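Enquirer: Any chance you can model this:
(chains A and B)
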There are 2 protein chains.
Amino acid sequence: MSILLKDCSWIVTQNASREVLREKSIYIEDGMIREIASKIAHEADRVIECKDKIVMPGLVNTHTHLPMTLLRGYVDDMPLQEWLETKIWPTERKLTGELSYQGALLGCLEMIRTGTTCFMDMYFFMEDVARAVKQSGLRAFLSHAIIDIFDPERAEKDRETTQRLHRFIQDLGESRIQFVLGPHAPYTCKEETLLRCKEISDKENILIHTHIAETKNEQASFETRYGRREVEYLDKIGFLSPRLVAVHSVWLSRNEIELFRTRGVKVSHCPVSNMKLGDGGVAPLPEMFEAGIPVSLGTDSASSNNCLDMFETMKVCSLLHKAQRWDPTILPAQKVLDLATLGGAETLQIAERVGGIEEDKAADVIALDLKAPNMTPIHGKETVVSDLVYSAKGMNVSVTIVDGQLLMAEGKFQTVDEHEIYQAAQKAAMELVR
Amino acid sequence: MSILLKDCSWIVTQNASREVLREKSIYIEDGMIREIASKIAHEADRVIECKDKIVMPGLVNTHTHLPMTLLRGYVDDMPLQEWLETKIWPTERKLTGELSYQGALLGCLEMIRTGTTCFMDMYFFMEDVARAVKQSGLRAFLSHAIIDIFDPERAEKDRETTQRLHRFIQDLGESRIQFVLGPHAPYTCKEETLLRCKEISDKENILIHTHIAETKNEQASFETRYGRREVEYLDKIGFLSPRLVAVHSVWLSRNEIELFRTRGVKVSHCPVSNMKLGDGGVAPLPEMFEAGIPVSLGTDSASSNNCLDMFETMKVCSLLHKAQRWDPTILPAQKVLDLATLGGAETLQIAERVGGIEEDKAADVIALDLKAPNMTPIHGKETVVSDLVYSAKGMNVSVTIVDGQLLMAEGKFQTVDEHEIYQAAQKAAMELVR
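Expert: From the prediction side, this is the model:
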């Protein structure tokens, strides 16, 4: 399969010098970007006219819970603990593999629609999620959520489920889908579980995906129980490493940021979810940048966001920190775009192959239509990145390509039947909350 | 002209009991909603199938500067004063009526696309803006920006321009377009100008549209110069009234909120612009609600937002206050939707006719497509409002009707040529910043 993105108005490369190219074409073959040039001699199986489009790397979403897409809008405007205890957890007990598959497929559809090409997920029934992801064509890192501190039986089961998911993904033989370890959080996992994950992670170079310091209450009650702050505890037991992706990381002390730096920990920042759940505080991104900690962006689940649109997350991220620091120069557009592309790729340890429009990189590419009110005018090369972060919407995306496969063209899905998915997801949601 | 919105899946009425109706049709004739029923006997000139749609009142945006749509993305990530002094003001000096018309038309297009049916604007060359608005079919309240403290010549000119705009709009004879007084701000207008506006406002029942207490620096330097806080000064000179729309109102003391309450002042809250400009602080909405002050929402200009999408503004508004107060129950979805519909109508003194889907109200109506990933699933009557505020995007809107006139159907503009507007606006923007 080869694709020619012909006469792109603008190409936001996200290469080392953050070049923005004008009126070039991109030739894609066998999953790779082969050539970027004004004139391309190759014949392509599929030619997409990009005369009125901005072409850019696909966005990377480093924190989702895909089956929860079925719970979009189910309960909002409720305190976190009440929300979890009275609504989310009782509903999750009724989940099945088939329902998870339907929710995951709906989530994939939304990501393709809004320009996300790669994501990292944590949930249950992950083999079913893997099936959906494979069908969708997206690139994904999948983890089973281990929550074993309350129940020894569950601990054993979680361990087995994790091992089975690992084998299942290996057997899929799909290079786009990778296995990740998913101890849910320091306060929901036994110490030996955390250490067992760390051991596998070190030995097999596998990422660990975990929630850290999401809320003030969580950090406070952890300190009461363990006599230490979360990250200090994790460092003491030897859990921190460059393969750890610490999701949220809102309530960190300066010392904890310093521990992240020393151990090479990466952060997934989820501004919309943090704000919507009203947990208080704002993740200290400027201090993380100062320390050189790699940061990426996540939407969190459609149940706490309520969508998986990374364009929205980019804009809200920038707004939040500007407002928080009373400083419009904090988090400029280029930095935010870096978080959502290169930052994601670095977090997932795929930066060598993914995150930029460059020859010999994987073809994870999206294009946005300029023929839309909110994308007019474009002032020039210097403003295109700003237009992407502050003006563009996920729904301006009209082309999505992952690993050289065309998943959406002119806003039409190429690999899945959207109307079938809407119908099945609606039915699955009704069954789940019944 | 009559329109039948047939078999609407959901109708979010925003009536007094906030009813959500299921599977009803809406008959529109001569600009009015004539009938809402399961079966409608009338034949309509135009039938729109709404089986997979949410129908709701059009959104009301109470603060824009429409010609600045040409400056979308021109300069971002810069401190407010530097942004104004080095970029915006020098560019504005090059504005012409024709450029303002093109910018305004582009802004109208974006509002129609994203479900805004009524707005209040303040800028220059407002006769040209009025021409664009008339052409677009939107409902609007238009004011000439008076900034006369620095320059006696300009003071005289502003007075004449304001009078001319008033006559121009009267002569248009277009009930959708209303004249509004626009003294820019207490710190940019002479006291006698403010008082002259107040006098006309009282005598002729005309709204006053003004910026108040947008930034901390503004409030602080005002206190230094005038020896009083802004609102206290305005109350002392007798400027406050129920016809005053105080835009921003971020830096208010409890006493100033109390003065707003006593005098019946209304507030236009612009969360995205306030955050993006990083001016610090958050408008004290909970305290305003407690005092019973009517609040509405505005986007501010596409130069400081950078779009005119009220769905985005609704979501960000809710996120901002939840985050600011560490409370997910602050500003629930229904309240946010009220601000963007009924709150806007009340602010503009048109609540008797506009803001709800009810028989004998003006037909300012929009519909959103449910066949979209982010609009699936819908859990039921109780969640539809939440879906509109947290999941929906302006681009989900596919039908826009103002005053009974169909401006967009199935995402296609009915009254204007979008491609002509994109081309002309791009050209105008290049000319403006050259």
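
Enquirer: Provide the partner residues of the residue most central in space within chain A in its beta bridges.
Expert: Nearest to the geometric centre of chain A sits A:N61, at 1.5 Å (Cα atoms, centre = their mean). Judged by DSSP bridges, the bridge partners of A:N61 are A:F119.

Enquirer: I figured it hits A:T116, correct?
Expert: Yes. Under the criterion of Cβ atoms under 8 Å, A:N61 lies in contact with A:T116, with a separation of 4.9 Å. Every C-beta, even on glycine, is put in place using the N, C-alpha and C of the backbone.

Enquirer: anything in contact with each of the two?
Expert: A:L308, A:M310 (Cβ atoms under 8 Å, 6 or more residues apart in numbering or on different chains).

Enquirer: any weak-confidence spans in the stretch 301-434 of chain A?
Expert: Within the stretch 301-434 of chain A, no range satisfies pLDDT under 70.

Enquirer: quick one, strands of it?
Expert: Along the stretch 301-434 of chain A, the segments classed as strands by DSSP state E, counting those that start in this stretch run A:365-369, A:397-402, A:405-409, A:412-413.

Enquirer: With mean neighbour count as extra columns, can I get those strands in CSV?
Expert: Compiled in CSV, those are given as follows (neighbours: other Cβ atoms under 10 Å in any protein chain shown):
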stretch, mean neighbour count
strand A:365-369, 25
strand A:397-402, 26
strand A:405-409, 21
strand A:412-413, 14
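
Enquirer: Which of the ones you listed sits closest to chain B?
Expert: Chain B sits nearest to strand A:412-413 of all the strands of the stretch 301-434 of chain A, at 9.5 Å, using Cβ to the nearest Cβ.

Enquirer: who does that closest one pair up with?
Expert: Strand pairing for strand A:412-413, using DSSP bridges, gives strand A:405-409 (antiparallel).

Enquirer: Domain map for chain A?
Expert: The record's domain parsing of chain A by automatic domain parsing lists A:2-56+A:367-418, A:59-347.

Enquirer: Give me the three-state assignment for the closest residue to A:A323 other than its chain neighbours.
Expert: Of all residues not flanking A:A323 in the chain, B:M275 sits nearest, at 4.0 Å (Cβ to Cβ, 6 or more residues apart in numbering or on different chains). At B:M275 the chain is in helix, as set by DSSP: H, G, I helix; E, B strand; the rest coil.

Enquirer: what residues are up against B:M275?
Expert: Applying Cβ under 8 Å, 6+ apart to B:M275 gives the contacts A:L319, A:L320, A:K322, A:A323, B:V316, B:L320.

Enquirer: run the last query once more with 6 Å
Expert: When the contact criterion is Cβ atoms under 6 Å, 6 or more residues apart in numbering or on different chains, the partners of B:M275 are A:L319, A:K322, A:A323.

Enquirer: Name the SS class of the residue nearest to the second one when sequence neighbours are not counted, please.
Expert: So the one you mean is A:K322. Excluding its sequence neighbours, the residue lying closest to A:K322 (Cβ to Cβ, 6+ apart) is B:G278, at 3.9 Å. On the three-state scheme (three-state DSSP), B:G278 is labelled coil.

Enquirer: Please report the distance of B:G278 from A:S318.
Expert: To A:S318, B:G278 is 10 Å away according to Cβ to Cβ, to the nearest Å.

Enquirer: And those two? Which one has more around it.
Expert: A:S318 (28 against 24; other Cβ atoms under 10 Å in any protein chain shown).

Enquirer: related to what we said a few turns ago, most tightly packed of the domains of chain A?
Expert: domain A:59-347 (a mean of 21; mean count of other Cβ atoms under 10 Å in any protein chain shown).

Enquirer: returning to what we had before: need the strands of the stretch 301-434 of chain A in CSV (columns: distance to B:R228).
Expert: Shown next, in CSV, are the strands of the stretch 301-434 of chain A (distance: least, Cβ to Cβ, whole Å):
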stretch, distance to B:R228
strand A:365-369, 49
strand A:397-402, 51
strand A:405-409, 58
strand A:412-413, 60
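
Enquirer: so what's A:I366 bridging to?
Expert: As for beta bridges, A:I366 partners with A:M56, A:T400 under DSSP bridges.

Enquirer: Report the contact partners of it.
Expert: Taking Cβ under 6 Å, 6+ apart, we find A:I366 in contact with A:G58, A:G115, A:V397, A:T400.
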